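Visitor: Can you look at this prediction? I've put the sequence above it.
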Amino acid sequence: MAWPTSIREINDLPDDEKQAIYATLLPDWLFTNYGVDRETLTVNGQQVVRFRSPRGSRAVEISVKRRLSDIDPMLYLNMADTFNNQLLVLLVVVNDPEAERFNIDTDDHDNPTHLGTTGRNLAAEEAAMKAGLAPGQIRKGLRTFKQAVPLFETFVQNMGHDMFLIEPLAYHNAIVFERYGFSYMRGYQEMVRIDREFRPNGELFQKLTDDRPFRRPVQALSVRGRSWAIHDGILGHPFTGFQMYKRIGINSGINTFPDAEW
C-alpha cells in the first residue's frame, strides 16, 4: 500500500496504521541496547514510546524513554509539513540516560529556559561546557545521528519525496548536518562569514577574551567552542534563520569549517 504524502495525511489514519508508519523512524539501538520490544514498543510492560499525532494536525512528536519514571527521553523527534508540502524536521534530541544531567533547561528560579533560548542558567551551562557538552545539551548524546539519517531518508522516500528540510538550532548542529550531506536553503553565506570572522584578526575573534568563560580565544578553534560563544551572544543576535536540506542519497559536500575540531 502506498504511503500518504504528508504528515497530516498520516495523522488522519487509524491509530494502528499511523503508529506502524511512525515506528519506522525508531532506530535499532532502542531495541538492541535498551530492550524496547519491537512489537509492543514497551519495556517490562511499560509503554515507553509515545506518539503525539492528533487527527488534523500537520506535526508529529515521538518520544522514547528508557523507563517511564525518567525525566528526559532518550529520543525525541518533532517533524511537520511545511506549507508547500515539504517535510521539516523541527527537532531531534538524543540523550544518554546514563550520563550526568546538567540543568540548563531551568534558570535559578526554576523557570524554563527553553534550552537557553529564552533564559539561561549560567552555572549549569559552564559546567556542561566543561564536561564537553554543546549548547542546548542536557546530557551527553549517544552519537547516533549517523544511523538516523538513513531512517529519515527511507521515511521520506516512502512518502514520495526526494528531500527533507531541517533547522539547525545552534552552530554546532549546522556543522554536524554538513558532515552528513546536508546543504543550505538559507544561511550558507552567513556560515562562511562566521568561519572567516572567527579566524585570527576577524571581527568575532577579536571579541574573544579570557575574562568570559564562553568566549575564550581558544574556542575559535573548535566547533563546540564557537557554538558556545555564539550561544553567549557574540554575533550580536541569536543564531536563527538557518534552514538546511538533504536530498535522498546525495551528499552535498558542503564544509564551512574545513579544519574543524569538535
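Guide: Thanks, I have the structure now. Computed from a prediction, not measured in an experiment: that's the story for all the values here. Residues are numbered from 1 along each chain as shown.
Visitor: Would you state the strands of the stretch 51-200 of the chain in chain order?
Guide: Per DSSP state E, counting those that start in this stretch, the stretch 51-200 of the chain carries strands over the ranges 59-64, 75-81, 87-94, 163-166, 183-186.
Visitor: Adding distance to Ala127, mean pLDDT and mean neighbour count, write these out as CSV.
Guide: C-betas here are computed from N, CA, C, even on glycine. What follows is the strands of the stretch 51-200 of the chain, written out as CSV (distance: least, C-beta to C-beta, whole Å; pLDDT from 0 to 100; neighbours: other C-beta atoms under 10 Å):
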stretch, distance to Ala127, mean pLDDT, mean neighbour count
strand 59-64, 26, 98, 19
strand 75-81, 22, 96, 21
strand 87-94, 19, 93, 18
strand 163-166, 29, 95, 20
strand 183-186, 33, 97, 16
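Visitor: May I see the buried residues of stretch 198-208?
Guide: In terms of neighbour count (16 or more other C-beta atoms under 10 Å), stretch 198-208 has its buried residues at Phe198, Gly202, Leu204, Phe205, Lys207, Leu208.
Visitor: returning to what we had before: got CSV for the strands of the stretch 51-200 of the chain, with distance to Asn121 too?
Guide: Shown next, in CSV, are the strands of the stretch 51-200 of the chain (distance: least, C-beta to C-beta, whole Å):
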stretch, distance to Asn121
strand 59-64, 23
strand 75-81, 20
strand 87-94, 18
strand 163-166, 27
strand 183-186, 30
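Visitor: can you tell me which residues contact the nearest residue to Ser6 once chain neighbours are set aside?
Guide: Counting by C-beta to C-beta, 6 or more residues apart in numbering, Asp81 is the residue found nearest to Ser6 once chain neighbours are left out, at 4.9 Å. Residues in contact with Asp81 (C-beta atoms under 8 Å, 6 or more residues apart in numbering) are Ser6, Ile7, Arg8, Arg58, Ala59, Leu87, Leu88.
Visitor: Grab the nearest non-local neighbour of the last one.
Guide: Spatial nearest neighbour of Leu88, chain neighbours left out: Leu165 (4.5 Å); criterion: C-beta to C-beta, 6+ apart.
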